[in-house]
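1. kindly return the folded structure for what I paste below:
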Amino acid sequence: MKKSTLIALVSTLVMVLDYVTKRIILAKLAPYDRIEVFPFLNIVYVENKGAAFGMFANLGNNFFIGISVIALVVILVYMSKIPKGLELFSISLIFGGAVGNLINRIMIGKVTDFIDFYVGTWHWPAFNVADSALTIGIILFMLAAIMQSKKPSSGQ
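-> The predicted model follows:
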């Protein structure tokens with residue numbers, strides 16, 4: 001599969017899944033409504049005006065839109081230099097997740113989070129499909145970097 005095809009497929013899949021799930025949440029739930037799916041998983045509607053876990057919400061939506069656009073430009077430049085494999089797949093996940101949350105910020109001024117994992121009374125901060133893609137992409141990118149660093153260099 002061509003590099004550009006993989007990037008387009010993975011990123012688009014993430015963006016579409018993120019957009020559709022957020023639209024469903026916005027259409028079906030009021031803020032802070034909760035639907036128990038399993039004894040450790042709720043679907044909730046949380047509005048996040050900040051970064052991860054709602055941090056820095058006081059910086060405003062325009063700040064996060066600007067940071068997102070800069071990050072996406074850096075990712076696009078980096079994508080052109082990636083050969084293939086796990087690193088390319090991971091960057092495609094990161095790109096799709098970043099665009100998914102950027103679309104949400106531009107359209108409604110905040111990010112819609114809705115996945116709520118918990119144990120007893122302890123809840124992980126709510127997140128969404130884009131956040132999941134970003135997290136998985138970052139983990140895979142680090143794994144690819146570790147694997148690459150363990151390969152013997154061609155000069156040895």
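2. so how many other residues sit close to Trp124?
-> 11 (other CB atoms under 10 Å). Quick note: C-beta positions are derived from backbone N, CA and C, even for glycine.
3. got a pLDDT number for it?
-> Residue-level confidence at Trp124 comes out at 93, pLDDT.
4. what do you get for Gly155?
-> The per-residue pLDDT reported for Gly155 equals 54.
5. by mean pLDDT, which helix or strand of this structure comes out lowest?
-> When the helices and strands of the chain are scored by mean pLDDT, DSSP states H and E, helix 61-79 comes last with a mean of 84.
6. low-confidence ranges, the protein, go.
-> Under the criterion pLDDT under 70, the flagged ranges of the chain are 53-57, 153-156.
7. mind naming the longest helix for it?
-> Scanning the chain for the helix with the most residues, using DSSP state H, yields helix 3-28.
8. and the angle for that one with helix 61-79?
-> Taking axes from the mean of the first three to the mean of the last three CA atoms, to 10 degrees, helix 3-28 and helix 61-79 form an angle of 160 degrees between their directions.
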